[in-house]
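In: sequence below, structure please.
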Amino acid sequence: MARRKRSSPMGVVLGAGVLVAAAAIAWFAYRGGNQALHEPFTGRSPTSTATSTAPEQGSKADEGRDVKLEGRLGVAVNPHDVEIGISAAAAVLMRTVEMYQWLEHCDGSSCSYETAWSSQPIDSRKFREPHGHDNPAQRLVSRRFEAKDIRIGAVEIDPDLLAAQISAVDHPVHAAMLPANLAASFSDAGGVLYAGGDPAHPKVGELRVSYRVVPLGEVSLHGIQRGNRLSAK
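Out: Numbering: from 1, shown residues only. Just a heads-up that it's a prediction; the model follows:
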């Protein structure tokens, strides 16, 4: 009866060493491929991939090409509404201003009138019956405020690209957040500012001001590489 050949102790040791080395290489490769997506905003080059190629930050070969960029969105200075005094830790701050005003509805020769909130100023001088339906000039309008130096790593990000690809979220505000010279002119309800009297019973000419923001954090963006900037298509 043939004897089974016994494994050499040295062979067992070498085989175990190869397995340990392979596992270590796989682990470090995994860490290297994923670490860039979770690094804080430091100004270093982010992880970049392309829809058709994988450009390096600042690579001349990818100039003008459509690229995908993933990483943590950061800013140097938060956006600030200079007219009202509201700031937000965000990339973009959007102010929506609505005025309570008269609306005209005409069907043939017959017109009816009602009051409602509208973000678009309505010129009551063009009404068929302007008398008694006067809308005052809207003294505050909707605006967008952008943070300074919006970046993912070392890449500057176009605010228009962010507004198009990242969903904005509500940013509640309160009259107590306003400077002292404005706080007396506003009340608030549900995170929205009101310039006028009772928010539950508005009058023509009163304003309602609300905010939304494009938040910071981990994002995935598509855009055109133009030098050291990711721009909207």
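
In: please make it C-alpha for all contacts and neighbour counts, starting now.
Out: Will do.

In: which residues touch residue 85?
Out: Each residue near residue 85 by Cα atoms under 8 Å, 6 or more residues apart in numbering is listed here: 178, 179.

In: from residue 120, how far out is it?
Out: Here residue 85 is placed at a distance of 23 Å from residue 120 (Cα to Cα, to the nearest Å).

In: just name the shakiest helix or strand of this structure by mean pLDDT.
Out: Lowest by mean pLDDT, DSSP states H and E among the helices and strands of the chain is helix 9-34, with a mean of 46.

In: which residues touch residue 157?
Out: 150, 151, 229, 230, 231.

In: now with 10 Å?
Out: With contacts defined as Cα atoms under 10 Å, 6 or more residues apart in numbering, the neighbours of residue 157 are 69, 73-75, 91, 149-151, 221, 223, 225, 228-232.

In: now do residue 184
Out: By Cα under 10 Å, 6+ apart, residue 184 lies in contact with 175, 176, 178, 195.

In: which of the contacts of residue 157 fall within strands?
Out: Assigned to strands by DSSP state E, the following of these qualify: 69, 73, 74, 151, 221, 223, 225, 229, 230, 231.

In: could you tell me how many residues sit around the fifth one?
Out: Same thing as residue 221. Residue 221 is flanked by 19 other residues according to other Cα atoms under 10 Å.

In: and of the contacts of residue 157, the nearest to residue 207?
Out: Proximity of the contacts of residue 157 to residue 207 (Cα to Cα) peaks at residue 91, which lies at 25.6 Å.

In: was I right about the closest one contacting residue 149?
Out: Yes: between residue 91 and residue 149 there is a contact at 9.2 Å, judged by Cα atoms under 10 Å.

In: now for these two: what residues contact both?
Out: With Cα under 10 Å, 6+ apart as the test, residue 91 and residue 149 both reach 74, 75, 76, 77, 78, 157, 159.

In: who touches the last one in this structure?
Out: For residue 159, the residues meeting the contact criterion (Cα under 10 Å, 6+ apart) are 91-92, 145-151, 214, 230-232.
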